[in-house]
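>>> here is a sequence together with a model predicted from it:
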Amino acid sequence: AAAAMPPCLRAAKSGLGRIAATATATASDTYAATSLTEVAHRSPTRLIPMPSSAVSRAGAALAAISSYGGGMVRGDRQDLDVTVGEGARLGLVTQGATRIYRRAGRLPQSSDDHDHDDKHNSSSCRSNLRAKVGRGGVLVVAPDPLVPFSRSSFVQRQRFDLDADASLLLVDWFGAGRVNSGERWDFDLLSSRCDLFRRSGGDGDGDGDGDGDGSVPFLIDSLSMDNRSRRQGRADNMDPFCFAASSDATFDAFASVILHGPAMEEVSARFEQLSRSLASEHVRIRDVGRHHLDESAARQLKQHDLHLGGRVLLGFSKVEPYGRGAGDDGSESDGIAGTYVARIAGTSNEDVYRILHSCLRPLKHDFGIEFYRDRIHGTTSHKPIVVPGTNANKASARTGREIHDVAPRSSQLPATEKSSPLDGHASWCALMLADSGLPTGSFAHSAGIESAAQLGLFGNPSNVDQERVARYVNAAARSSVQLLVPFVIAGNALARTHHRPSDLDELFHQWQKLDQFAHALLATNRPGCKASLDQGHGMLRVAIQWLGASSNGAISKDSSIAMELAQRIQGEIDKSSDGAGHIGPVFGFVCGFLGLDEKATCRVLGYCTARDMISAAVRLNLVGPMAGVNLLDGAYKAVEEGIESGSMDTTCIGEDDDVVSTAMEAVSTCSPVVEAVHPTHDMLAVRLFRT
């Protein structure tokens, strides 16, 4: 790949782009005409205005983000600054797929690189986008997919500051790579994060550090898939992120779609209806939809009407506000108006194109065009065909195995640093926390396993493919642990660095900020968010009883501070105010006050997470109790990798550091297919588990 690379891509470059859209009221004052008042870029980044009569008549503006060579080489960096003024409408597209090329060798660390991120060094391709959308403005970011080449590395960060009544549609989309060349999900690192903030007064910069001044986003969508550990032989299998989850499909494309604001209500309705339609082809669903389309529109959103070529999973969640969740019956609460997240896992990019085109059709009224219409070719999409005996199998030849075959599990455990032994009582507390009899409500949740089973991902109920069950459990456990570990470490650090009664107010403020971050991440998956709250509340009740009964002095001398904090959090929850109480922050601070160090805390949580998932699989009759023992033993490596990935940027937190901000740089999930499956749980007509 490096030899065939255009010369202009052989040297890493830093591109810049800045675009601003401003609205001007027309004479009839029926809509505002949008004009691009600023378009600037520096090579290799290009911003290309795309004027057309249809777009102009709709009062919108359209521009394409491009680059010389059609992609990025290792070390390239792109920074985009987007401003959408009050009442303006701007659409940002791309001219084609963005390729992330592999570059041989390693770039030296730049002296002016201020990204102190151990796992995201300067040899990765980086893309940063920051956008501000004014009151009543509409921003649509609808790119083509990202195509990561073998051994490539890509890190993306996007931030959106939104005024009241602003609307946003963001498509974050990536494919498996050059599938016909055997490079299915063969990148080194793929990391993408998007933060949504509310702009509050003034110029709305939201650069402060307080809860109410814009430092805590109301929504975070974060994904980080790291294949480097697999290359070093530490992972169990060749499908660590569960893209081969289904018995009848391998997923080669994934898109996350964020919808916010009044202009996206009809688009959200179409995504929700399509999610229900796709699920209903495999399982009986409940009538709990929040949107209702007319009959003709609903008929269009069927798999056969979209002419999809393969299996598609589509999860849809409404974002609930911090401190107020939806009821157990799936009814809508007073949530953040018009904020939704859709996850799409498809067997081909063409299927994803068809879904996006169909669901985004209502935007034609605001933009004059149908997004992705020119990407639909033929009457039916087709999955890529890998022809035996061609270069399509070179990845198999390179590894000596089929791309998705599971490697035999080594009898050698991965090398880990030697942990300091726990003292007598700390060890006793760890065993109590890991006890399945601890009444925290963990066994009321299936982590998406029930949804996956009913959607047929494990095959026929009478002939369950237990290997795929194991893959799903390992991927879900790794992803859950990777997401929770930063919160656990931060909560543990807060408990260990605040010892005086005078610290209580500051401790509560920092814990609440940490909990808000947890909610911003988990809110993208409604059933997962509900499970986290249930378990957090259960753990909090246990902590109050546990710490309150420690009159024998066996528990830490700081137990009185812990008790006061736990009671204060419980009081906030009882008042339905700002207290949410997610399991990660609660578990971390409880273990910190019990004297458990970070590593022990993370391992106890990892064990409980895997144990609960396998318990769900046993009760769903997917595996037997004896097979569940082997499954739990096999989940060890997945949990360890989740701990390693989640703690990579949080292991050096000092007493003078901002514990919360430092830890929040590391949060992410790593299994897109699980994220697409889990939200469908709320639709199931018959279910054993609450979430």
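Great, that's in hand. Since the structure is predicted, the reported quantities are computational estimates derived from the model, not experimental observations.

>>> mind listing the helices in the stretch 151-300 of the chain by residue range?
For the stretch 151-300 of the chain, helices defined by DSSP state H, counting those that start in this stretch occupy the ranges 228-231, 265-280, 295-300.

>>> ok, the stretch 1-150 of the chain next?
Here the stretch 1-150 of the chain has its helices, by DSSP H, counting those that start in this stretch, at 53-57.

>>> can you list the low-confidence ranges for it?
1-12, 26-31, 103-122 (pLDDT under 70).

>>> go again with 50.
Where the stretch 1-150 of the chain drops to pLDDT under 50, the residues are 1-10, 106-118.

>>> quick one: pLDDT of Ser333?
With respect to pLDDT, Ser333 has a value of 45.

>>> what's the neighbour count on the nearest residue to Gly70 once chain neighbours are set aside?
Of all residues beyond its chain neighbours, the one nearest Gly70 is Arg99 (5.8 Å), with distances taken as CB to CB, 6 or more residues apart in numbering. For every residue, glycine as well, the C-beta is placed using N, CA and C. Neighbourhood size, Arg99 [other CB atoms under 10 Å]: 21.

>>> in terms of mean pLDDT, which of the helices of the stretch 151-300 of the chain ranks lowest?
Of all the helices of the stretch 151-300 of the chain, the minimum mean pLDDT falls on helix 295-300 (a mean of 56).

>>> Three-state assignment for Leu622, please.
coil (DSSP: H, G, I helix; E, B strand; the rest coil).

>>> just to check, it is in contact with Ala453?
Yes - with contact defined as CB atoms under 8 Å, Leu622 counts as touching Ala453 (6.0 Å).

>>> against Phe487, how distant is Cys194?
Between Cys194 and Phe487 the computed distance is 19 Å (CB to CB, to the nearest Å).

>>> of these two, give the one with the bigger neighbour count.
Using other CB under 10 Å as the criterion, Cys194 and Phe487 rank with Phe487 on top: 32 against 23.

>>> which residues sit in contact with that one?
Contacts for Phe487 (CB atoms under 8 Å, 6 or more residues apart in numbering) come out as Leu514, Phe517, Ala518, His582, Gly584, Pro585, Gly588, Ala663, Val667.

>>> in which helix or strand would I find it?
Per DSSP states H and E: Phe487 is located in helix 466-497.

>>> what's downstream of that helix, the next helix or strand?
helix 504-522.

>>> what's the angle between that following helix and helix 466-497?
Angle of helix 504-522 versus helix 466-497, following axes from the mean of the first three to the mean of the last three CA atoms, to 10 degrees, is 160 degrees.

>>> identify each buried residue in helix 504-522, please.
507-508, 510-522 (16 or more other CB atoms under 10 Å).

>>> repeat that for stretch 182-196.
Residues of stretch 182-196 classed as buried: 182-196 (neighbour count, 16+ other CB under 10 Å).

>>> and that stretch, C-alpha only, in PDB?
Written as PDB, here are the backbone C-alpha positions of stretch 182-196 (Å, rounded to 0.1, in the frame of the first residue of the first chain):
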ATOM      1  CA  GLY A 182      -8.700  -9.200   2.900                       C
ATOM      2  CA  GLU A 183      -8.300  -6.200   5.200                       C
ATOM      3  CA  ARG A 184     -11.500  -6.600   7.200                       C
ATOM      4  CA  TRP A 185     -11.200  -4.500  10.500                       C
ATOM      5  CA  ASP A 186      -7.500  -4.800  10.200                       C
ATOM      6  CA  PHE A 187      -6.500  -1.300  11.400                       C
ATOM      7  CA  ASP A 188      -4.300  -0.600  14.400                       C
ATOM      8  CA  LEU A 189      -6.500   2.000  16.100                       C
ATOM      9  CA  LEU A 190      -9.800   3.600  15.400                       C
ATOM     10  CA  SER A 191     -11.000   6.200  17.900                       C
ATOM     11  CA  SER A 192     -13.800   8.600  17.500                       C
ATOM     12  CA  ARG A 193     -15.500  10.900  20.100                       C
ATOM     13  CA  CYS A 194     -18.200  13.500  19.800                       C
ATOM     14  CA  ASP A 195     -19.300  15.900  22.600                       C
ATOM     15  CA  LEU A 196     -22.400  18.000  22.600                       C
END
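
>>> gap between that stretch and the chain center?
11 Å (CA atoms, centre = their mean, to the nearest Å).

>>> next: stretch 123-133.
Centre-to-centre, stretch 123-133 and its host chain are 17 Å apart (CA atoms, centre = their mean).

>>> one more: stretch 193-201?
With CA atoms, centre = their mean as the basis, stretch 193-201 stands 17 Å off its chain's centre.

>>> swap in stretch 84-92?
Here stretch 84-92 shows a centroid-to-chain-centroid distance of 26 Å under the convention CA atoms, centre = their mean.

>>> quick check: end-to-end length of it?
With CA to CA, to the nearest Å as the measure, the ends of stretch 84-92 fall 11 Å from one another.

>>> hmm, who's touching it?
Contacts of stretch 84-92 (CB under 8 Å, 6+ apart): 19-23, 25, 32, 34, 36, 55, 58-65, 82, 131-143, 163, 166, 366-367, 369, 371.
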